[in-house]
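Enquirer: Quick one, structure for this:
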Amino acid sequence: MLAPVPETAAEWIVRLNGPALSAAERKALSLWLSEDSARLKELEELRIVWQIAGRTVALPDITARLTADMGQASRPAVRRNARRIAIAGALAVAASICVVVIAERTDRSGAVALANGSNVQTAVGQIQHYMLPDASSVTVAADSEVSVKFTEGQREIALGRGELYLQVAHDQARPFTVMAGTHSVTVTGTQFNLDFDAARNVLEVAVTEGRVNVGLGAGPDAQKVEKLKAGDVVLFEASGDMVRSRLTPKQAADWRQGALHFDQTRLRDAIVEMNRYAAKPIVATDEKITTLTLTGRFEARDTASFIYALETVFGLKTVETPRAWEISFQN
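Expert: You can find the predicted model right below:
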């Protein structure tokens, strides 16, 4: 049985926090928004409420109850009940929802087609898949920024902050370059993951397939070029120094399936990764905490388990404030 199409902002919020929308669902959402100019504002207001609310009810439970109620959509009373349940879920669940991206064109997989000159900024909690003008594809992680600039002789995108996974269509005559701060990554066709800390100008490159060239500066002017091959996961500092990781490329890109892997990762970097998906950010109150190192695998949206690990492994304490989870050393 096909699930009924959501009819209210609350129902769409719950649906958006589930699996990625299909092409048909994207079309339905676009149509729903176009029917009433006030709907986008209502959706955004509920998204904000959802983000800042405390976590008291598990999302799968809410989704299951909502789906069950919506299955009887022919009864108005049940429809109203479904809306109440959805709103209660929005107020109770600590999870972030993507800012809705509507595009005129999508491919058969439902990916949004990005035109040359596009700029994309994903919200906390959002993962979005796009098709580029050359048939390459890019998956953009939460809280990330990407812009597209293609010319006749060069394919270029800029990673302003955050993380992405690229599957580059082969074109020997037209190289593909990703700029991230002072770093450049150039290929003609391959698959790789980039994680960029814009504040510190640090870039992690994980090569899944093919080869990539990483340098300081762009194109022919790039300096200190390093050639990486499939299987390499390397961290490039702002100075140009490089550190090899024991993570596999699959682990580095596992955020696409909702998992984050850390291998002797400084806590400041692990917190940045977790905060991309956290409804309420984690904040270290002592700079010394950020220098601790962490190894392990965590569910991206499971802030509670991550905090519990910090308390257990490092003996830290956590205080919840209206705006954040503050972690500190025990007195």
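Enquirer: helix or strand for Gly240, which one?
Expert: Counting by DSSP states H and E, there is no helix or strand that carries Gly240.
Enquirer: The closest residue to it other than its chain neighbours: what's it in contact with?
Expert: Spatial nearest neighbour of Gly240, excluding adjacent residues (Cβ to Cβ, 6 or more residues apart in numbering): Lys224 at 5.0 Å. From N, CA and C alone the C-beta is placed, and that goes for glycine too. With contacts defined as Cβ atoms under 8 Å, 6 or more residues apart in numbering, the neighbours of Lys224 are Gly215, Leu216, Gly240.
Enquirer: what do you get for Leu43?
Expert: Contacts of Leu43 (Cβ under 8 Å, 6+ apart): Ala9, Trp12, Ile13, Leu33, Val100.
Enquirer: Look up how far Val212 lies from the residue nearest to Gly240.
Expert: The gap separating Lys224 from Val212 is 14 Å, by Cβ to Cβ, to the nearest Å.
Enquirer: What of Glu156?
Expert: Taking Cβ to Cβ, one finds Glu156 at 14 Å from Val212.
Enquirer: what about the two, which has more around it?
Expert: Val212 (27 against 18; other Cβ atoms under 10 Å).
Enquirer: Could you tell me which residues within stretch 271-286 count as buried?
Expert: Residues 271-284 are the ones in stretch 271-286 that count as buried (16 or more other Cβ atoms under 10 Å).
Enquirer: what mean pLDDT does that stretch have?
Expert: Stretch 271-286 comes out with an average pLDDT of 94.
Enquirer: CA-only coordinates of that stretch in PDB, if you can.
Expert: Provided in PDB are the C-alpha atoms of stretch 271-286 (Å, rounded to 0.1, in the frame of the first residue of the first chain):
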ATOM      1  CA  ILE A 271      32.700  17.600  18.100                       C
ATOM      2  CA  VAL A 272      32.600  19.500  14.900                       C
ATOM      3  CA  GLU A 273      31.500  16.300  13.100                       C
ATOM      4  CA  MET A 274      28.800  15.500  15.600                       C
ATOM      5  CA  ASN A 275      27.500  19.000  15.700                       C
ATOM      6  CA  ARG A 276      26.700  18.900  12.000                       C
ATOM      7  CA  TYR A 277      23.800  16.500  12.900                       C
ATOM      8  CA  ALA A 278      23.000  17.600  16.500                       C
ATOM      9  CA  ALA A 279      19.800  19.500  17.200                       C
ATOM     10  CA  LYS A 280      21.600  21.000  20.200                       C
ATOM     11  CA  PRO A 281      25.400  21.500  19.800                       C
ATOM     12  CA  ILE A 282      28.100  20.200  22.100                       C
ATOM     13  CA  VAL A 283      30.400  22.800  23.500                       C
ATOM     14  CA  ALA A 284      33.700  22.300  25.400                       C
ATOM     15  CA  THR A 285      34.100  24.800  28.200                       C
ATOM     16  CA  ASP A 286      37.900  24.100  28.500                       C
END
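Enquirer: Give the residue spans of the stretch 201-331 of the chain that score low on pLDDT.
Expert: 217-222 (pLDDT under 70).
Enquirer: go again using 90 as the cut-off
Expert: Applying pLDDT under 90 to the stretch 201-331 of the chain picks out residues 215-226, 237-242, 279, 313, 330-331.
Enquirer: The stretch 1-150 of the chain now?
Expert: Checking the stretch 1-150 of the chain against pLDDT under 90 turns up 1-114.
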